[in-house]
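1. got a predicted structure here, sequence first:
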Amino acid sequence: MNARVHPAEWQVQIAVVDHLKLRALPGVFWFGVMNGGFKADKRAIAKLKAMGLTPGVSDLCLIIRGHAYGLELKVPGGRQTPEQIAAGEAWTAAGGTYAVATGIDAALERLTEWGAIRPDGGARRMSDLLRDLDEVVP
């Protein structure tokens with residue numbers, strides 16, 4: 001029996017970003033936040049924090065028809081850090097909409113609900129996206 005392999009969080013984000021690139025509706029502005037997933041020395045981290053890096057900010061930030069949305073991406077079994085929980089609470093306290101999505105499919109459902117991407121009845125399955133991703137990113 002084959003063990004099920006879950007994608008890494010960065011792989012989920014790349015797949016979701018690919019969907020945004022292809023399916024974003026007019027009036028949607030979005031960007032990814034590079035708060036983690038890479039190694040940096042203490043000096044570089046201090047410089048980034050001085051420039052406004054905020055620990056815990058969601059992986060994807062979107063403005064949809066004038067409203068701010070934050071989407072934190074997780075893999076199955078992944079949990080939010082205390083900084084992510086605090087950032088999500090601050091986001092909603094400021095009037096934005098914040099959500100956590102576990103996996104590609106949940107993220108795409110949320111983006112569709114928010115009106116960020118067009119519904120796509122022919123959406124590709126996660127396994128197809130990950131297979132393609134493995135060919136692009138070694």
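-> That came in fine, so what should we check first? Computed from a predicted structure; not experimentally measured.
2. beyond whichever strand in the chain runs longest, next helix or strand please.
-> Assignment by DSSP state E gives strand 67-74 as the longest strand of the chain. Moving toward the C-terminus from strand 67-74, the next helix or strand (DSSP states H and E) is helix 82-93.
3. quick one: buried residues of that following helix?
-> The neighbour-count check on helix 82-93 (16 or more other CB atoms under 10 Å) flags 84, 87-88, 91 as buried. The way it works is simple: take the backbone N, C-alpha and C, and place the C-beta from them, glycine included.
4. just want the angle from that helix to strand 67-74.
-> 160 degrees (axes from the mean of the first three to the mean of the last three CA atoms, to 10 degrees).
5. same for the following helix or strand past helix 82-93, what does it pack against?
-> Using DSSP H and E, the helix or strand that follows helix 82-93 in sequence is strand 97-102. For strand 97-102, the packing partners by 3 or more CB pairs under 8 Å, 6 or more residues apart in numbering; DSSP states H and E come out as strand 67-74, helix 82-93, helix 104-114.
6. residue 42 is nearest to which of these?
-> Counting by CB to CB, residue 42 lies closest to helix 82-93 out of these; the figure is 17.6 Å.
7. who touches that closest one?
-> By CB atoms under 8 Å, 6 or more residues apart in numbering, the list of residues contacting helix 82-93 from outside reads 54-58, 68, 70, 72, 80, 97-98, 100.
8. rerun at 7 Å
-> Residues outside helix 82-93 that contact it (CB atoms under 7 Å, 6 or more residues apart in numbering) are 54-58, 70, 72, 98.
9. from the residues you listed, which two are the most distant?
-> Using CB to CB, the two most remote members of the contacts of helix 82-93 are 55 and 98, lying 15.4 Å apart.
10. which of those two has more residues huddled nearby?
-> residue 98 (19 against 14; other CB atoms under 10 Å).
11. any idea how many residues pack against residue 58?
-> Neighbour tally, residue 58, other CB under 10 Å: 22.
12. and the pLDDT at it?
-> Residue 58 carries a pLDDT value of 96.
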